[in-house]
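A.B. asks: Generate a structure from the sequence data that follows.
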Amino acid sequence: MQGDSNIAYKKRKIQFAVYFRVIRIFVAVLCIFFPASLLIDGNTDGKIVDLDLTAEDYVSGEVPSGWSLKKVPGYTTSKVSVEWVKDKNGTVGVRLFSDGALTFLKRKVNIDISRYPIVTWRWKVENILYGNDERMKIGDDHPIRIFFVFDPDIKRQSIWFRFKRLLYLDMIHGHPVGGRFTEYLWSNSLKPGTILPDPSKPRQKLIVIEGGKENLNRWLSYERNLYDDFKRLYGEEPRRLIFIGIINDTDQTNQKAISYIGNLMFHSE
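C.D. replies: Just a heads-up that it's a prediction; the model follows:
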């Protein structure tokens with residue numbers, strides 16, 4: 001009797017594993033063909049989309065709520081870290097640190113930037129990186145950058161590419177891949193206003209917002225019209241915003257960088 005019970009238990013366990021895998025595949029397919037429908041907005045009051053990076057969201061030493069740190073194999077807490085802190089002046093912000101690594105804070109969203117075109121934030125950088133050419137893949141490191149990923153148009157994607165998305169691409173990147181993105185960065189040497197292609201993805205465009213060391217160790221606030229920037233870069237209407245990444249990376253240069261971010265939110269005009 002005991003043996004029959006064990007066999008029945010093992011069968012149920014196998015059946016549950018099969019059902020769970022089928023459900024995962026079904027969800028993955030939905031994410032490819034209807035990606036925006038499965039995502040959530042930040043907190044919104046109708047005029048502002050708040051992404052939980054204000055002083056009211058502060059929890060000392062914690063990763064901000066609603067966000068997660070992308071796990072990269074081999075990167076320990078001595079190499080990457082993200083946490084809420086207060087600086088010596090009592091100003092609250094999220095501190096990002098990397099030591100020859102990629103620190104990647106990420107969040108899925110679902111924002112119509114034709115309705116919320118204005119993005120605002122504040123950041124502070126303690127140091128820039130030296131000796132790298134940011135226009136080259138081997139020098140593509142920055143003390144801080146924010147990138148915005150837009151919903152891909154599956155009509156422009158081949159069946160084979162969509163199949164690869166289903167198998168591994170979306171899982172690796174953490175969002176539906178193949179769409180446009182716009183990136184704002186603090187450059188080590190390039191001047192603000194510079195537009196350049198991403199060294200790893202030449203079809204994607206980056207905008208330098210701040211450059212050099214003149215404004216190091218100062219909180220700086222910004223306001224950009226992401227909708228207008230996108231149209232200026234690509235000459236087309238943006239699709240829905242589905243993913244935001246905040247990055248502090250030194251994996252190419254093997255240097256250290258410390259930066260801070262706060263008050264990231266979207267506004268209606």
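A.B. asks: roughly how far out does stretch 191-205 sit from the chain middle?
C.D. replies: Taking CA atoms, centre = their mean, to the nearest Å, one finds the center of stretch 191-205 at 17 Å from the center of the full chain.
A.B. asks: quick one: contacts of that stretch?
C.D. replies: Here stretch 191-205 makes contact (CB atoms under 8 Å, 6 or more residues apart in numbering) with 134-137, 139-140, 180-183, 187, 190, 206-211, 233-234. Quick note: C-beta positions are derived from backbone N, CA and C, even for glycine.
A.B. asks: List buried members of those by neighbour count.
C.D. replies: 134, 139-140, 180-183, 187, 190, 206-211, 233 (16 or more other CB atoms under 10 Å).
A.B. asks: my read: Pro238 touches Phe150, true?
C.D. replies: Yes. Using CB atoms under 8 Å, Pro238 makes contact with Phe150 at a distance of 5.5 Å.
A.B. asks: which residues of this structure score low on pLDDT?
C.D. replies: Residues of the chain that meet the criterion pLDDT under 70 lie in 1-45, 157, 161, 169, 172-173.
A.B. asks: Where do the helices of it begin and end?
C.D. replies: 2-33, 159-164, 170-173, 226-234 (DSSP state H).
A.B. asks: Quick one: list the elements packing against the last one.
C.D. replies: Helix 226-234 is packed against strand 181-187, strand 205-211, with contacts defined by 3 or more CB pairs under 8 Å, 6 or more residues apart in numbering; DSSP states H and E.
A.B. asks: one more time with 7 Å, if that's ok
C.D. replies: Here helix 226-234 touches strand 181-187, going by 3 or more CB pairs under 7 Å, 6 or more residues apart in numbering; DSSP states H and E.
A.B. asks: Return the list of strands paired to the strand it packs on, each annotated with direction.
C.D. replies: Sheet pairing here is set by DSSP bridges, and for strand 181-187 it gives strand 142-150 (antiparallel), strand 205-211 (parallel).
A.B. asks: Run through who's touching it.
C.D. replies: 125, 134, 142-150, 198, 204-211, 224, 226, 229-230, 233 (CB atoms under 7 Å, 6 or more residues apart in numbering).
A.B. asks: the longest strand in the chain is where?
C.D. replies: Counting by DSSP state E, the longest strand found in the chain is strand 256-267.
A.B. asks: Against which helices or strands is it packed?
C.D. replies: For strand 256-267, the elements it packs on are strand 48-50, strand 92-99, strand 118-125, strand 142-150, strand 241-249, judged by 3+ CB pairs under 7 Å, 6+ apart.
A.B. asks: Turn the ones you listed into CSV, including distance to Leu166 and mean neighbour count.
C.D. replies: Formatted as CSV, the helices and strands packed on strand 256-267 follow (distance: least, CB to CB, whole Å; neighbours: other CB atoms under 10 Å):
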stretch, distance to Leu166, mean neighbour count
strand 48-50, 30, 19
strand 92-99, 31, 22
strand 118-125, 31, 21
strand 142-150, 18, 23
strand 241-249, 17, 24
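A.B. asks: so which of those strands gets nearest Lys106?
C.D. replies: Closest approach to Lys106 among the helices and strands packed on strand 256-267 is made by strand 241-249 (5.0 Å; CB to CB).
A.B. asks: In terms of secondary structure, what does the closest one contact?
C.D. replies: Judged by 3+ CB pairs under 7 Å, 6+ apart, strand 241-249 is in contact with strand 92-99, strand 102-111, strand 142-150, strand 256-267.
A.B. asks: between that strand and strand 118-125, how many degrees?
C.D. replies: Strand 241-249 runs at 10 degrees relative to strand 118-125, counting by axes from the mean of the first three to the mean of the last three CA atoms, to 10 degrees.
A.B. asks: picking that back up, list just the nearest of the buried ones among the contacts of stretch 191-205 to Thr120.
C.D. replies: Closest to Thr120, out of all of the buried ones among the contacts of stretch 191-205 and judged by CB to CB, is Ile209, at 12.1 Å.
A.B. asks: Pull the contacting residues for the closest one.
C.D. replies: Per CB under 7 Å, 6+ apart, neighbours of Ile209: 184-186, 192, 222.
A.B. asks: Buried among those? Need that as a selection in PyMOL.
C.D. replies: A single PyMOL command selects the buried members of those (16+ other CB under 10 Å):
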select buried, resi 184+185+186
